[in-house]
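S.K.: Got a sequence here, can you build the structure:
(2 chains)
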Amino acid sequence: MLNPITSNKNYLINYAMVWSIIIGAHFAVMHFYYGLSVGVSVADSLLFNVFFAFLGISLWYLVRYNKSNQNFLILFSSHIVSSLLIIGFWLITGYLILKYTISDVHYLSFLDGSFPWRIISGMFYYSLFILVYYVVVYYQDIQEKIKQESNLKTLIKEVELSALKNQINPHFLFNSLNSVSSLTITSPQKAQEMIIKLSEYLRYSLSNERKQITTLKTELENIKLYLDIEKIRFGERLSFQFNCDEKTLAANIPAMTLQPLFENAIKHGVYESIDTIHIILNAELNQNGLQLSLQNDFDPKAKPTKGEGIGLKNIRERLFLIYKKNDLLTINKSEQTFTVVINIPQND
Amino acid sequence: MTKRAIIIEDEKLARDLVKNYLLTHNDIELIGEFSDGFSGLKAINELNPDLVFLDVQMPKLTGLELLELVEDAPHIIFTTAYDEFAIKAFDLNAVDYLLKPFSQERFDKALAKVSQKENNNSLESISQLKTHVSENTSIDRVVVKSNNNIHVIPLNEIVYIESEDDYVMIHTAAAKHLKHQTMKFYEEHLDASKFIRIHRSYIVNISEIKKIEKFGKDTYQVMLKSDVSLKVSRSRYQELKSILGI
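M.R.: Below is the predicted model:
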């Protein structure tokens, strides 16, 4: 954070004007009330006030870097000490300069007797500066927080929107409908089964967006529907296996987290290969929570995938929004297998 | 006259559907079914069918890539579920396409269209389609045919592309392949952050460049990691320098 006085030209001008008024008042009191000569009144007023004006600017850094110190007692006593040091420095320096440059006897006796009210005014200035600076710091903090919050809200909206767009892949939908169309001729019974599976799957995909957290069991039931549908389309080309025990099935997971991963595995694996693609899901609970690892093989000669797709990016962002950690998803690509590992923190 | 047809489609149920729709058409004889681009292409060349039902999304070679490699294209009816670029390209052409799922009625219409065009030369529309497709899709691999082999070359394996009259020679670390395409096409369609045209005759994979050396007064050449040297034209030298950050 920049110094609020020197960082803005207008503030600096206003600051100088306030001090000019103080200098004027100071001069008036000395000249008209105490009857001191114009020369010494000007010198005294200018020296002490201009000096404090500069000290005041530097007090900002004291407040700025003390900010993290939350204990009020420590903060308060540190300000007492620093105010004594700064005011002492201010008074002694001013006093010595004037004492050895001015020979007016009348003024020198005034100078000697002026310490009490100079200390009081110094304390007053110091407190005023500190007060104003704290207000500035907290105001800026609040502004910063508001900005961060609105950024986060925008990110959430974006993630939700792209999740919405991605929840039903048109390619999958139309090809599945085409398979149903074919089955109605050859095997109406199977066509009906497929329509029911497709409907259940669509219902889950469309509704679960609102209910954020679900269990692995529910999530896998939906994945199973999806895979069953794809299995009807691809037959022998797709094989899948879930290695999850009872304990992991009860674990929490944000809804629709696994869906895009399976979709990716099918898109880059099954779509691009004529051989059987194996998709294997391993789930285990460890000290970090639920660890899911999804592995699929792919045809190494198939189209190279360009970096991290939208699906993976989306999951990464969603996990970040929910758990505030960005290392929950890792990818490992080898010659013929692609593995995604996700860690889902568990609260209990 | 009976027409001989083949189906190239990777999903069995989708093939079954086309077969079923064909039952009412006695004038069409189904002579084969193929489940990927490679075997489909081979079948077109060997069986020489009159009509092909061609899926777009397939393993190994997409329907559109397959089309690029066919020299003597038969009548083609595309079948696709969802492919924005392709659909746009089809719309601009006389070649018919069926959006999955499609009805028997729509299927019959496509076949009627084929009979109508019997006397017209559909080769023209095919070549138009090829142009439109290549204009609208970004390329992420190049397919070439040499002798009877088809090579699918990922872009990162291309070292450089050299012009050869009406053709281009695509050089990889292991081999070189001739392809009927223009330098201009590759200049426009390859990722400009990965490939740069350094000369009328050369487009180079930037990551393959080892160094630039002076060749003569004011002229330069690029030395590749494979120790091949290629001339840089004067007009392209500045661009090359800026992309390499010198």
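
S.K.: gap between the residue lying farthest from the centre of chain A and A:L62?
M.R.: Relative to the average C-alpha location in chain A, and by CA atoms, centre = their mean, no residue lies farther out than A:V105, which sits at 64.4 Å. A:V105 sits 39 Å away from A:L62 when distances are taken as CB to CB, to the nearest Å. Just so you know, the C-beta spots here come from the backbone N, C-alpha and C atoms, and that holds for glycine as well.

S.K.: what do you get for A:L321?
M.R.: Distance, A:L321 to A:L62, by CB to CB: 38 Å.

S.K.: where does the stretch 101-250 of chain A dip in pLDDT?
M.R.: Where the stretch 101-250 of chain A drops to pLDDT under 70, the residues are A:162-167, A:208-211.

S.K.: let's go with 80 and repeat that
M.R.: The model of the stretch 101-250 of chain A has pLDDT under 80 over residues A:155-169, A:205-212.

S.K.: Around chain B, pick out the residues from it.
M.R.: When proximity is defined as CB under 8 Å from any CB of the partner chain, the stretch 101-250 of chain A approaches chain B at A:170-171, A:173-175, A:177-183, A:185-186, A:232-235.

S.K.: Any of those buried? List them.
M.R.: The neighbour-count criterion (16 or more other CB atoms under 10 Å in any protein chain shown) marks A:171, A:173-175, A:177-183, A:185, A:232-234 among those as buried.

S.K.: Would you check which pair of the residues you listed lies furthest apart?
M.R.: Across these, the two members that end up farthest from each other (CB to CB) are A:H171 and A:I185, 22.6 Å apart.

S.K.: Could you list the contact residues of chain B toward chain A?
M.R.: Taking CB under 8 Å from any CB as the criterion, the neighbours of chain A within chain B are B:10-14, B:16-17, B:20, B:35-36, B:57, B:59-60, B:81-82, B:99-102, B:140-141, B:152, B:154-156.

S.K.: and those, which are buried?
M.R.: In the residues of chain B next to chain A, burial by neighbour count holds for B:10-14, B:16-17, B:20, B:35-36, B:57, B:59-60, B:81-82, B:99-102, B:141, B:152, counting by 16+ other CB under 10 Å.

S.K.: Show me those that map onto strands.
M.R.: Using DSSP state E to define strands, the subset of these located there is B:L99, B:R141, B:V152.

S.K.: Any idea what the last one is bridged to?
M.R.: It refers to B:V152. Legend: beta-bridge partners of B:V152 under DSSP bridges are B:V143.

S.K.: circling back: list the ones among the residues of the stretch 101-250 of chain A next to chain B that fall in helices.
M.R.: Of the positions in these, A:170-171, A:173-175, A:177-183, A:185-186, A:232-234 sit in helices, assigned by DSSP state H.

S.K.: Do a quick rundown of the helices in chain A.
M.R.: Listed from the start of the chain, chain A has helices (DSSP H) covering A:9-28, A:38-66, A:72-101, A:105-113, A:115-166, A:170-186, A:188-207, A:216-234, A:246-249, A:258-265, A:310-323.

S.K.: Quickly compare those and say which is most buried.
M.R.: Between the helices of chain A, helix A:258-265 has the highest mean count of neighbours, a mean of 22, where neighbours are mean count of other CB atoms under 10 Å in any protein chain shown.

S.K.: mind giving me the domain split of chain A?
M.R.: A:9-149, A:167-344 (automatic domain parsing).

S.K.: To B:L244, which of the ones you listed lies closest?
M.R.: Shortest distance between B:L244 and the domains of chain A, using CB to CB, is found for domain A:167-344: 22.7 Å.

S.K.: so how far is that closest one off the chain centroid?
M.R.: Averaging C-alpha positions (CA atoms, centre = their mean, to the nearest Å) puts domain A:167-344 30 Å from its chain's average.

S.K.: Kindly report the same for stretch B:97-110.
M.R.: On the basis of CA atoms, centre = their mean, stretch B:97-110 is displaced by 25 Å from the centre of the chain it belongs to.

S.K.: Mind listing what's buried along that stretch?
M.R.: Buried, per 16+ other CB under 10 Å, within stretch B:97-110: B:Y97, B:L98, B:L99, B:K100, B:P101, B:F102, B:F107, B:A110.

S.K.: Now it - C-alpha only, CSV.
M.R.: C-alpha atoms of stretch B:97-110 as CSV (Å, rounded to 0.1, in the frame of the first residue of the first chain):
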residue,chain,number,x,y,z
TYR,B,97,-25.5,-35.8,-44.9
LEU,B,98,-27.7,-37.4,-42.3
LEU,B,99,-27.9,-36.2,-38.7
LYS,B,100,-28.2,-39.0,-36.2
PRO,B,101,-30.7,-40.1,-35.3
PHE,B,102,-32.4,-39.9,-38.7
SER,B,103,-35.7,-41.4,-40.0
GLN,B,104,-36.3,-43.9,-42.7
GLU,B,105,-38.0,-41.0,-44.6
ARG,B,106,-35.0,-38.8,-44.4
PHE,B,107,-32.7,-41.7,-45.4
ASP,B,108,-34.8,-42.4,-48.5
LYS,B,109,-34.6,-38.8,-49.5
ALA,B,110,-30.8,-38.9,-49.3
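
S.K.: List the contacts of it.
M.R.: Applying CB atoms under 8 Å, 6 or more residues apart in numbering or on different chains, the external contacts of stretch B:97-110 come out as A:174-175, A:177-178, A:180-181, B:14, B:17-18, B:21, B:24-25, B:77-81, B:86-87, B:90, B:96.

S.K.: try 6 Å this time
M.R.: Outside of stretch B:97-110, the residues within contact range by CB atoms under 6 Å, 6 or more residues apart in numbering or on different chains are A:F174, A:L177, A:N178, A:S181, B:Y21, B:I77, B:F78, B:T79, B:A81, B:F90, B:D96.

S.K.: okay, these in CSV with distance to B:L240 next?
M.R.: Compiled in CSV, the contacts of stretch B:97-110 are given as follows (distance: CB to CB, whole Å):
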residue, distance to B:L240
A:F174, 46
A:L177, 51
A:N178, 49
A:S181, 54
B:Y21, 56
B:I77, 46
B:F78, 41
B:T79, 45
B:A81, 43
B:F90, 39
B:D96, 46
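
S.K.: what's the closest of these to A:L155?
M.R.: Closest approach to A:L155 among the contacts of stretch B:97-110 (CB to CB): A:F174, at 31.4 Å.

S.K.: Now do the same contact list for the closest one.
M.R.: By CB under 6 Å, 6+ apart, the neighbours of A:F174 are B:A81, B:Y82, B:K100.

S.K.: Kindly report the same for B:L51.
M.R.: Applying CB under 6 Å, 6+ apart to B:L51 gives the contacts B:K3, B:A5, B:H75.

S.K.: Quick check: the last one vs chain A, distance?
M.R.: Going from B:H75 to chain A by CB to the nearest CB, to the nearest Å gives 22 Å.

S.K.: and which of the contacts of A:F174 is nearest to A:M30?
M.R.: B:Y82 (88.2 Å).

S.K.: where does A:A302 land on pLDDT?
M.R.: On pLDDT, A:A302 comes in at 71.

S.K.: count of neighbours near the closest residue to it other than its chain neighbours?
M.R.: Leaving aside its chain neighbours, A:A302 sits nearest to A:E272 (3.6 Å; criterion: CB to CB, 6 or more residues apart in numbering or on different chains). Residue crowding around A:E272 was assessed by other CB atoms under 10 Å in any protein chain shown; the count is 22.

S.K.: isn't A:E272 right up against B:Q57?
M.R.: No. Because the distance of 9.4 Å does not satisfy CB atoms under 6 Å, A:E272 is recorded as not touching B:Q57.

S.K.: if I look at the most centrally placed residue in chain A, how far off is A:L155?
M.R.: Centre of chain A computed as the mean C-alpha position; nearest residue by CA atoms, centre = their mean is A:Q148, 6.1 Å away. As judged by CB to CB, A:Q148 and A:L155 stand 11 Å apart.

S.K.: same deal with B:I44?
M.R.: As judged by CB to CB, B:I44 and A:L155 stand 50 Å apart.
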